[in-house]
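Visitor: Pasting the sequence and the predicted model now:
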Amino acid sequence: MLATALSAALQGIDAVPVQVEVNTGEAGEPKLILVGLPDATVKESDDRVFSALANSGLHPPRTRTTINLAPGDLRKEGPFYDLPIALGILVATDQLTTDRLGDYLIAGELGLSGATRPVRGALAMAVLARKLGKRGVMLPAVSAEEAALVAGVPVYRINSLDEAVRYLTGQLALQPLPRAALAPAAAVEGAPDFSEIKGQQAVRRAVEVAVAGNHNLLLVGPPGSGKSMVAKRIPTIMPEPQMEEFLEMLAIHSAAGHTLHGELRTFARPFRAPHHTISDVGLIGGGAIPGPGEISLAHHGVLFLDELPEFKRSALEVLRQPMEDNQVSISRSAGKITLPSSFMLVAAMNPCPCGYLGAPKHECRCSPSQIQRYRARISGPLIDRIDLHVEAPSLSVGDLRSAQPGESSGPIRERVRQARAVQQRRFAGTSTHTNARMTQAQIRQYCAHDRALGDLLEQAMLQLALSARAYDRILKVSRTIADLAGAENIAAQHMLEAIQYRSLDRNVFY
Ligand SMILES: [Zn+2]
């Protein structure tokens, strides 16, 4: 006899429908045959399903049984299908009489006892069920809570195979979960905060400017100057995410399985810091079953690339397009998938291969050609997309001992929010949202300056031997500095500060 249940597979961050067809009563020894491009974890279903059935007081099939996961050309991965397979077997073997199996989108792993275990991508599954007009979604506990964030589709929490059976036969009345409410998380105890950064006034200021205008940032300094410590705290001074942004972030992390472990349950922006040995696929996404890469996991947050020159050239190359488009397209044999990837890039590097060029207590032994080769690794197109370079000096003993904590994240975030509000009004009705993304025409319109300022900039460019590409960056950053100051027009002090943030365009750091 044939039974059919509806489940789903993940493609990037979207769920697509998968029909689980169960056919029992075939000739041959009693076993499960899984077809329809299942991967190894799906194939292990039969052991889990057999045990779960037996331990729930039900009977595994006594005949050869074929499970077909359709469509057949779509790879299926992960233990999503245990629960729909088990329910399909029960209907096909007349142990469960219901005409409601097809009304729900069902997913869940089964433990040997018959208890359900959460699956990745629950948020996308709820969105799919709503699109298909299903009566509801049946999901294991943690997954169900995640799915309940999606409005417009009832979500049922199923703790065990037995519960699913009793619900479908009407013996158990289940209420759909109430729509989960999200509120900005109150300060989480032990969360990083800018008050822990002592000294480093110049770095703190550059970070504030960068976040205010959504500019990418490069921190240059010797080991121990606290570059990663600073980077990690940048999400804490970004404006709180809007609900729309939060749902996008959540969908990405749900597809990657992070939310199952409690990440992103709070209303916080992501900080991703992949190691420099990361593969191109790990960075931009894709793989046999296409999933989000680091640049998508950093969506609406910070992507931190420490030791920037150590990253493979190919990895830095693949970053360019997504940084331009705020999304990444991954080519598949069966078409393209697109994942969102709008992030602030924060990169860090040592000033030279040994790290101690210009440091007061250590001697740098790098030759000029070694230093040049080291910097040349990141020159060109990527550095061109980074508006601010800032030197982080090594911390002096005095700084470290300073009992005075720095300003905390809250007030900095408030200033950033005000500067962003100015930009929102400025760019209303255009596709630009922040100063960093101004077009040439917008730069001309909003970074207008008088003759004296033009002369100042030209002089600085000559004296500091700045490259031509530095010109627009300085204007954009000047605009942000003026916005932070609440100034209508860019003034000389704004421009002078912006000029300082182009240290990498000069031939020397120090
Ligand atoms: Zn050195």
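Guide: Looks like it came in fine.

Visitor: Could you use CA atoms for every contact and neighbour count after this?
Guide: Fine.

Visitor: Burial check on residue 450, number of neighbours?
Guide: 11 (other CA atoms under 10 Å).

Visitor: Scan this structure for its longest strand.
Guide: Ranked by number of residues, the top strand in the chain under DSSP state E is strand 14-26.

Visitor: okay, the very next helix or strand once past that one in CSV with CA atoms only?
Guide: Per DSSP states H and E, the first helix or strand lying C-terminal to strand 14-26 is strand 32-35. Output in CSV follows, covering the C-alpha atoms of strand 32-35 (Å, rounded to 0.1, in the frame of the first residue of the first chain):
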residue,chain,number,x,y,z
LEU,A,32,13.7,-0.3,3.9
ILE,A,33,15.0,0.8,0.5
LEU,A,34,15.6,4.6,0.3
VAL,A,35,15.6,6.2,-3.1
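
Visitor: Identify the residues contacting the longest strand of the chain?
Guide: Strand 14-26 is contacted by residues 1-10, 61, 63-71, 81, 84-85, 88-89, 92-93, 121, 124-125, 127-128, 255 when judged by CA atoms under 8 Å, 6 or more residues apart in numbering.

Visitor: Show me which of the residues you listed are buried.
Guide: 2-10, 61, 63-70, 81, 84-85, 88-89, 92-93, 121, 124-125, 127-128, 255 (16 or more other CA atoms under 10 Å).

Visitor: can you tell me which helix or strand the closest residue to residue 153 other than its chain neighbours belongs to?
Guide: By the measure of CA to CA, 6 or more residues apart in numbering, the closest residue to residue 153 outside its immediate chain neighbours is residue 130, 5.4 Å from it. Element membership of residue 130, judged by DSSP H and E, is helix 122-131.

Visitor: list the helices and strands that helix packs on?
Guide: If contacts are counted by 3 or more CA pairs under 8 Å, 6 or more residues apart in numbering; DSSP states H and E, helix 122-131 sits against strand 14-26, strand 104-106, strand 136-139, helix 141-147, helix 243-255.

Visitor: Distance from it to the middle of the chain?
Guide: Relative to its parent chain, helix 122-131 has a centroid offset of 20 Å by CA atoms, centre = their mean, to the nearest Å.

Visitor: Output the below-cut-off pLDDT ranges for the stretch 351-500 of the chain.
Guide: Scanning the stretch 351-500 of the chain with the threshold set as pLDDT under 70 gives 379-381, 396-403.

Visitor: all helices of it, in order?
Guide: In the stretch 351-500 of the chain, the helices defined using DSSP state H, counting those that start in this stretch lie at 368-376, 397-401, 409-426, 440-446, 451-463, 470-484, 492-500.

Visitor: With distance to residue 230 added, can I get the ones you listed in a markdown table?
Guide: Output for those, formatted as a markdown table (distance: least, CA to CA, whole Å):
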| stretch | distance to residue 230 |
| --- | --- |
| helix 368-376 | 22 |
| helix 397-401 | 15 |
| helix 409-426 | 11 |
| helix 440-446 | 30 |
| helix 451-463 | 29 |
| helix 470-484 | 20 |
| helix 492-500 | 19 |
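
Visitor: which of those helices sits most buried?
Guide: Mean neighbour count (mean count of other CA atoms under 10 Å) peaks for helix 470-484 among the helices of the stretch 351-500 of the chain, with a mean of 24.

Visitor: So which other helices or strands are in contact with that one?
Guide: Using 3+ CA pairs under 8 Å, 6+ apart: helix 470-484 touches helix 201-213, helix 409-426, helix 440-446, helix 492-500.

Visitor: any idea how far the ion is from residue 103?
Guide: 66 Å (CA to the ion, to the nearest Å).

Visitor: what sits against that residue?
Guide: Residue 103 sits next to 134, 135, 136 when contact means CA under 8 Å, 6+ apart.

Visitor: Would you enumerate the residues in contact with the residue in the stretch 1-150 of the chain that the ion sits nearest to?
Guide: Relative to the ion, the nearest point of the stretch 1-150 of the chain is residue 12 (42.6 Å; CA to the ion). Counting by CA under 8 Å, 6+ apart, residue 12 touches 255, 286, 289, 290, 291, 292, 337, 338, 339.
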